[in-house]
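**Q** quick check, what structure comes out for this input:
(chains A and B)
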Amino acid sequence: MKRLRKEDLSLHHYLRYNVLDEYIETDVSVPLTYLPDISSTGSHVYQAESTRVPYPTELGRGIPYIDNYGDIDEQQDAVIVYDSLGSTISGSYIVDYIDNRIVTSGTVTPAAVTYKYFYVALVNEWEDVESAGVPVVVVNLESFEKVGFQLGGGKRVPRKGHLHIFASTRSERDDLLELLYDGINEKCCPNQNWPQGSMIDWDGTFNNDYVYETIQYSSNLHFENVVARSVNPPLLNRIPSGDMIMLSDLNRYRARVDFDMFYWKED
Amino acid sequence: MVKLDTFRLLQLLEKIVKSEIDSIADKLMDRFDDEIIPYEDEDDPARPSLCKEEFRQFVIDGLKENIKIVNNSIEIGLGDDKKLGFGDELDEDTTDCIKIIGTILQGINGTYVLVTSGMTGGPEGRFGKAFIMPEGQYRSEAVSHGWDPEKPVWKFSNFLGLPNFFTGLDLGSVVKRINRNLGEAIKK
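**A** Coordinates of the predicted model:
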């Protein structure tokens, strides 16, 4: 994994679990539907059929993999699976975090699930906003220029970053704006090395080989010059005749947090 | 040796910085050429290059109002936030060109059609009272309003915007000149 990607992942992980964790919701007793087509002997797959809007597993959302920021083991509190009698099933299943599924070996028959999920979507691409649906935060990190910072071989590596907020109401936007501003202003986060990849495996399950390690000879990721402001694209705000329907809600309640992110490295 | 109090010195500096407004605006317009013009569609009747002079004047007017002595320094404000779409209060008392450029700077998510006087028959402004509509909505409503349902989508649809447009401007040469002029003014 390249250094740039590691920084992106570190920032994403920090925002997700240490800032936007205030927006974790719980979907209670969601029915599970057996999926025979993708099940096999020893692998029984059940799909959680949520009726929530936005859908809990939409792009950028999903179930938390860990209980608290800094944890390295899979969550224990975010998912509770029940059988048809309403009794809790423990330990006899795995969670597919990408598709919101429960997978068992066939020894138990799950019927419903209660799980936590991130209400605010966090995505990396501007183009993903429509797929994710509001509220959504786009993380946009720009290229960098490495500059010497002291006598010796060290470098200060700065990058410009922006968090674009798309909300469903003015109050939600203002709340997210303040939350994100406070979350990074005069703060820093670990610059992780991700030696065994991210917390999620290719199949959507928790990566049990995940290792927490920071990059050697490198500082934390620091945030500075953090500026928060609301955004109103001028062309959006007026429709001349009353008989037209309303404009896209997507761009209606927007805001932006601009910041510089930097770290020092010694090589 | 000439002795000046801080306020007098700042007044001198303010005057000199104001004499460089055109140069600062030119630097910004270089960025306009580099970062906005390449995206435009040459066939678009509302393309940003047609707005260039108007935007330059807008920048100059903003600079005239926003070069001020604040505490012990000179503060230079670029652009009028309320007209460009920053903040909660949007000042719509401006030209369509400024609205178009402001929207380009802020970015827009989704695919839109820019509706102009050519389509509405509206008399106001250079392009009429410009506004944008989601493409799907436009296609469904165009016929009933007598507009061209095949109008191409706005070139700047689904566009991240230019969040750094007003920041990090390379004013090295301007600052050098300001320093030199300030030195000369102090000697006088």
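
**Q** tell me which element A:Asp73 falls in.
**A** Assigned by DSSP states H and E, A:Asp73 belongs to no helix or strand.

**Q** B:Leu50 looks like it's in a helix, true?
**A** Yes - the assignment for B:Leu50 is a helix, going by DSSP: H, G, I helix; E, B strand; the rest coil.

**Q** distance check, the closest residue to it other than its chain neighbours against chain A.
**A** Distance criterion CB to CB, 6 or more residues apart in numbering or on different chains; nearest residue to B:Leu50, sequence neighbours excluded, is B:Cys97 at 7.5 Å. Every C-beta, even on glycine, is put in place using the N, C-alpha and C of the backbone. Remark: distance between B:Cys97 and chain A (CB to the nearest CB, to the nearest Å) = 11 Å.

**Q** the top helix by length along chain A - contacts with which helices or strands?
**A** In chain A, with assignment by DSSP state H, the single longest helix is helix A:170-184. With contacts taken as 3 or more CB pairs under 8 Å, 6 or more residues apart in numbering or on different chains; DSSP states H and E, helix A:170-184 sits against strand A:155-167, strand A:221-231, strand A:253-265.

**Q** now the ones you listed in a markdown table, with mean pLDDT and distance to B:Asp26?
**A** Shown next, in a markdown table, are the helices and strands packed on helix A:170-184 (pLDDT from 0 to 100; distance: least, CB to CB, whole Å):
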| stretch | mean pLDDT | distance to B:Asp26 |
| --- | --- | --- |
| strand A:155-167 | 92 | 24 |
| strand A:221-231 | 95 | 26 |
| strand A:253-265 | 93 | 25 |
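
**Q** how many residues are close by A:Phe118?
**A** 21 (other CB atoms under 10 Å in any protein chain shown).

**Q** what residues of stretch B:96-107 count as buried?
**A** B:96-107 (16 or more other CB atoms under 10 Å in any protein chain shown).

**Q** would you confirm that the residue nearest to B:Leu50 contacts B:Gln57?
**A** No - if you go by CB atoms under 8 Å, B:Cys97 and B:Gln57 don't touch, sitting 9.8 Å apart.

**Q** name the helix or strand of the chain that has the lowest mean pLDDT.
**A** Went with chain A since none was named. strand A:147-148 (a mean of 58; mean pLDDT, DSSP states H and E).

**Q** meant chain B actually
**A** helix B:117-120 (a mean of 63).

**Q** show me what contacts the residue nearest to A:Leu141 when sequence neighbours are not counted?
**A** Once flanking residues are discounted, A:Leu141 sits nearest to A:Gly161: 4.8 Å by CB to CB, 6+ apart. A:Gly161 sits next to A:11, A:139-142, A:258-261 when contact means CB atoms under 8 Å, 6 or more residues apart in numbering or on different chains.

**Q** and the residue nearest to B:Leu50, which of the three is it?
**A** Under three-state DSSP, B:Cys97 comes out as helix.

**Q** hmm, back to that, among the contacts of A:Gly161, which one is most surrounded by other residues?
**A** Busiest of those [other CB under 10 Å] is A:Met261, holding 25 neighbours.

**Q** how about the strands in chain B?
**A** B:67-70, B:73-76, B:112-115, B:131-134 (DSSP state E).

**Q** same check, this time on chain A
**A** Going by DSSP E, chain A shows strands at A:24-34, A:44-48, A:79-82, A:88-89, A:93-96, A:101-104, A:112-118, A:121-123, A:136-144, A:147-148, A:155-167, A:188-189, A:221-231, A:253-265.
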